[in-house]
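*Asks:* whatever this is, show me its structure:
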Amino acid sequence: MMLRYALQTVRDRKAGFLGAFVALLCAAALITACGTLLETGLRGKIGTERYAATPVLVSADQNVHETTVKEKKGGRTKTKHKAKPVAERAWLPAATVDTVRAVPGVERAVPELTFQAVPLVKAPGRPVPSYGHAWTSAALTPFTLSEGGAPQSGAEVVVDRALAARAGLKPGSELAVQSTGEPRTYRVSGVAKTDRGDLAQQSALFFSDDEAQRLAARDGQVSAVGVLPAPGVGTAELAARVERALQGTTAQVTAGDDRGPVEFLDAAGARVKLVSMGGAMGGTSLLVAILVVVGTFALSVRQRYRELALLRAIAATPGQLRRMIGREALLVGLAAGVAGALAGLPLAAWLYGRFVDSGVVPVTLERTAGIFPMFAAVAASLLGAWAAARITGRRIARIRPAEALAEAAVERGRPGWIRTGLGVLLLAGGAVLVVALGSLRTEPASTPVTFLAVVVLAGAVSLLGPLLVRGATALLAGPLRLAGPGGHLATANLRGNATRMASAVTPLALLIGMTCTVLFITPTLGDAARAQARDGIRAQWVLAAQGPGVTREAAERVRRTPGVTAATEIVHTSVRVGLTKYAAQGVTPAGLTRTWNPEVTGGSLDGFGEGSAAVSELAAGRLGLKPGSPLELTLGDGTPVTLTVSAVYARGLGFGDLTLPHGLVAAHTDNPLAAGVLVAAEPGSGTGREQLAAAVRAFPGVRVQSAADADAARAERQDAGAEINLLAMGLVLAFTAIAVVNTLAMSTAERFREFAMLRLAGAKRRQVLRMLRTEALAVVLIGTALGSGIALAVLTAFSVGMTGVAAPAVLPVAYAAVVGVAGVLALAATALPGRVALRVPPVEVATAKA
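*Replies:* Here you go, the predicted structure:
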């Protein structure tokens, strides 16, 4: 019986369920999109290009491993193994090639060298990474010559056909290449092609074996070994034989789809980032969806109080009403969940494309569109709809039949104790999260807590909304009355319908709070880092490069310039101490204190050099280090080293957690060129931009910047980071904006009878519209105050934890834009349904309701 009533109600009251349907559809689409990104990170395929004709590949282990043994009750032990990827390419001993060649069934073992080799030529189209190799490894793809011949000397190079077409190269052309050392001009001896078509994700340059070894700068090492089987030997059998032969070494053997991560290290690393990003977005999306859907269903059920009250008056039991409301919700949730899951697939494709375009995700990591995110979205829609309907229908189902119609006619004077108690608990939980956020000093730990705190505090606003609206109305009563009769009516509505108004305030507060947090979290951290960098850089000039970096020879030319007292080369990487990842930089020790001041608080930088390390206060505190302590770490390519801490410094945000000798870092990174060179000149020497520019004129792409120019460049990179954060959370913000419009439109559309009564009492159409605009303005003011307060509290705690000072970066123009957009959405969502409602003659409305 109740199922039939539910079906009939949904069919006859489509408009009443439209708002709930839209909210659930958006929630399902959002969950599908985030789930697809998460699944891509977990199962996304990384295809191979260079090793297409190499069934078995031997490479170095790209992970740092840690094994812990815990004793359990009864004398048993539990062993746990963890692994984390290193930042740079790990290399193998060259002797591995001989070991592989000796394995039965191996027809050929081909050593591979992979190193950066950037053509210094303008080419149209999307830029792709460019790598150099030895010509003997062309068989791994395989590449064959379509024009010209193989490189016979160190001055010749073979380029792939796609690069030759883009850059207009042919045999005999000259090509300048920037690799791991000084730029060099080569003669193109040939153009190579593959039978499978051109490389899509990279450019390949092939040098003579000796020249490739020199450019790779890895004597006695290879980046991989390609294994070609003898006739009749299967891939799986060969891989097992090679693995047995290499047992006990750091080498790993891969075949099939596992070859892709060996070739594209950035794609393998992006998997971890995508899992983290998809999980954070999905978790936040789910919490926001629950908050929005519950609020939307609450409004939908309140609009039907008269109908539900009538059912109670004619002997419907509370259980019957709850079952009917639950089944209605399941019907709406199923329809919205299926539609939203289907809509989420193109949404996921669009979001994946934006991440690829911004460089967050490499194109080599293929998007996975499985069914699990869709099932999760439908399940979440069903569960959310049912739970929301049961929560919101609980009170109307439990009232006594004699009170039903009176209860439906007048809004309850105060919220129930359960609702208020839950709101207070959420408020306390949000306060605990804010306090905890102020003690978190790493970005990976603080970012998820930041957004969780916003959602929890918004949930407290949702539950305590009627009380907050009444309190705010008391403060706004005076200014609202200045608007004339419309202001008086608006004040009365805000007081008498606080629950309805609270349902509009909640998504508005969430929208403003979440948007401000997303917009200002990166500037808060970035401004602090830039301030530390500005204060810590003593150099007047900075060498920067438009290409891969500044070469050692360019830095030496500057050092020899009259008036220059020091030139500090800086190369960036990341290292691991245990399994924990730390940002690190390598600096040349000579004259370091003339160009760089990280605010040393322990030890000294005097004598900093080979075997030394300087650490930030944060890293020192986490690792229990002090000057003189040994520091065991794993470099970017997986090489373990032990250094001695010589200094502890305070400006870790500006200069990273670890500072190491330049030579040590450069020898273990894929790009050993300096990201920048700090140049200090003798005061009064007259050495300026022109003299330094003349010194590096022979090095293409190297330019001289002032300290202010370098700071502006850091600000541009900071803005790019903010755009990525906004992109990552853009779907959540868009969903919240839709919820604002949806809720306000539903709230206004239900007031046909109220508007008709006002018109029959003598109010003019423009007076009713003025009342609506005044109400909307009051809702915007309340939502802005609450949302801004939430964002300010969270950002302040984030600033205290990450920078040590309560100084959140709030951009006035951006904040004004956020409030302005929220206000426009609120006014539009109120005015348009209000005008539609007022088009119906009031007599017809009153007669129909009667």
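*Asks:* using the three-state scheme, assign residue 153.
*Replies:* Three-state assignment for residue 153 (DSSP: H, G, I helix; E, B strand; the rest coil): coil.
*Asks:* which elements pack onto the longest strand anywhere in the chain?
*Replies:* Longest strand of the chain, by residue count under DSSP state E: strand 564-577. Packing partners of strand 564-577 (3 or more C-beta pairs under 8 Å, 6 or more residues apart in numbering; DSSP states H and E): helix 552-559, strand 580-587, helix 592-595, strand 630-634, helix 662-666, strand 676-681. For glycine as for every other residue, the C-beta is placed from the backbone atoms N, C-alpha and C.
*Asks:* pull out the buried positions in it.
*Replies:* 564-577 (16 or more other C-beta atoms under 10 Å).
*Asks:* next one: stretch 129-149
*Replies:* In terms of neighbour count (16+ other C-beta under 10 Å), stretch 129-149 has its buried residues at 130-138, 140-141, 143, 145, 147-148.
*Asks:* please identify the deepest-packed of the helices and strands packed on strand 564-577.
*Replies:* strand 676-681 (a mean of 24; mean count of other C-beta atoms under 10 Å).
*Asks:* rebuild the helices and strands packed on strand 564-577 as JSON lines, extending it with mean pLDDT and distance to residue 817.
*Replies:* Output for the helices and strands packed on strand 564-577, formatted as JSON lines (pLDDT from 0 to 100; distance: least, C-beta to C-beta, whole Å):
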{"stretch": "helix 552-559", "mean pLDDT": "92", "distance to residue 817": "43"}
{"stretch": "strand 580-587", "mean pLDDT": "93", "distance to residue 817": "32"}
{"stretch": "helix 592-595", "mean pLDDT": "92", "distance to residue 817": "40"}
{"stretch": "strand 630-634", "mean pLDDT": "95", "distance to residue 817": "44"}
{"stretch": "helix 662-666", "mean pLDDT": "94", "distance to residue 817": "42"}
{"stretch": "strand 676-681", "mean pLDDT": "92", "distance to residue 817": "34"}
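*Asks:* which of these sits closest to residue 282?
*Replies:* strand 580-587 (22.9 Å; C-beta to C-beta).
*Asks:* show me how far the closest one is from its chain's centre.
*Replies:* Its chain's C-alpha centre and that of strand 580-587 lie 21 Å apart, by C-alpha atoms, centre = their mean, to the nearest Å.
*Asks:* neighbouring strands of that strand in the sheet, and parallel or not?
*Replies:* Here strand 580-587 is paired, per DSSP bridges, with strand 564-577 (antiparallel), strand 658-661 (parallel).
*Asks:* what ranges of the stretch 601-750 of the chain fall below the confidence cut-off?
*Replies:* 719-722, 724-725, 728, 749-750 (pLDDT under 70).
*Asks:* which stretches of it form helices?
*Replies:* For the stretch 601-750 of the chain, applying DSSP state H, counting those that start in this stretch gives helices covering 617-623, 652-655, 662-666, 689-695, 707-749.
*Asks:* of those, flag the one that's most buried.
*Replies:* Buried most deeply of these, by mean count of other C-beta under 10 Å, is helix 652-655, with a mean of 23.
*Asks:* what packs against it?
*Replies:* Using 3+ C-beta pairs under 8 Å, 6+ apart, helix 652-655 sits against helix 498-536, helix 617-623.
*Asks:* correct me if wrong: residue 349 contacts residue 368.
*Replies:* No: using C-beta atoms under 8 Å, residue 349 makes no contact with residue 368, being 11.2 Å away.
*Asks:* higher neighbour count, those two?
*Replies:* Each of residue 349 and residue 368 has its neighbours counted (other C-beta atoms under 10 Å); residue 368 has more, 19 against 14.
*Asks:* can you give me the buried ones in stretch 359-370?
*Replies:* 360-365, 367-369.
*Asks:* same question for stretch 40-57.
*Replies:* Neighbour-count burial for stretch 40-57 [16+ other C-beta under 10 Å]: 40-41, 44, 46-57.
*Asks:* among those, name the ones in helices.
*Replies:* Using DSSP state H, 40-41 are the members of the buried residues of stretch 40-57 that sit in helices.
*Asks:* what's the most distant pair in the buried residues of stretch 40-57?
*Replies:* Across the buried residues of stretch 40-57 (C-beta to C-beta), the longest gap, 28.7 Å, separates 41 and 53.
*Asks:* if we can go back for a sec, distance to residue 550 added to the helices and strands packed on helix 652-655, as CSV?
*Replies:* Listed next are the helices and strands packed on helix 652-655 as CSV, based on distance: least, C-beta to C-beta, whole Å:
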stretch, distance to residue 550
helix 498-536, 18
helix 617-623, 27
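*Asks:* list the contacts of the residue nearest to residue 553 when sequence neighbours are not counted.
*Replies:* Take residue 553 and drop its neighbours on the chain: the residue closest to it by C-beta to C-beta, 6 or more residues apart in numbering is residue 182, 5.1 Å away. Neighbouring residues of residue 182 by C-beta atoms under 8 Å, 6 or more residues apart in numbering: 551-553.
*Asks:* nearest to residue 781 among these?
*Replies:* Comparing those against residue 781 with C-beta to C-beta places residue 551 closest, at 58.8 Å.
*Asks:* my guess is that closest one meets residue 179, correct?
*Replies:* No: judged on C-beta under 8 Å, residue 551 makes no contact with residue 179 at a distance of 9.9 Å.
*Asks:* residue 308 contacts residue 314, doesn't it?
*Replies:* No: in this structure residue 308 lies outside contact range of residue 314 using C-beta under 8 Å: 11.2 Å.
*Asks:* neighbour count winner among the two?
*Replies:* Remark: of residue 308 and residue 314, residue 308 carries more neighbours, 22 against 8, as counted by other C-beta under 10 Å.
*Asks:* so where does the more buried one fall, helix or strand?
*Replies:* Using DSSP states H and E, residue 308 sits in helix 305-313.
*Asks:* packing partners for that helix?
*Replies:* Counting by 3+ C-beta pairs under 8 Å, 6+ apart, the packing neighbours recorded for helix 305-313 are helix 318-358, helix 372-398, helix 401-409.
*Asks:* buried residues, stretch 57-67. List them.
*Replies:* Using 16+ other C-beta under 10 Å as the test for burial, stretch 57-67 gives 57-64.
*Asks:* is the nearest residue to residue 598 once chain neighbours are set aside bridged to anything, and to what?
*Replies:* Spatially, and ignoring its direct neighbours in sequence, residue 598 is nearest to residue 649 (3.6 Å; C-beta to C-beta, 6+ apart). On the basis of DSSP bridges, residue 649 is bridged to residue 600, residue 616.
*Asks:* which ones are touching residue 649?
*Replies:* 598-601, 614-617, 655, 659.
*Asks:* top of the residues you listed by number of neighbours, please.
*Replies:* residue 615 (32 neighbours).
*Asks:* these two touch, right, that residue and residue 645?
*Replies:* Yes: contact criterion C-beta under 8 Å: residue 615 and residue 645 qualify, at 5.8 Å.
*Asks:* common neighbours of these two, please.
*Replies:* Common neighbours of residue 615 and residue 645 (C-beta under 8 Å, 6+ apart) are 625, 631.
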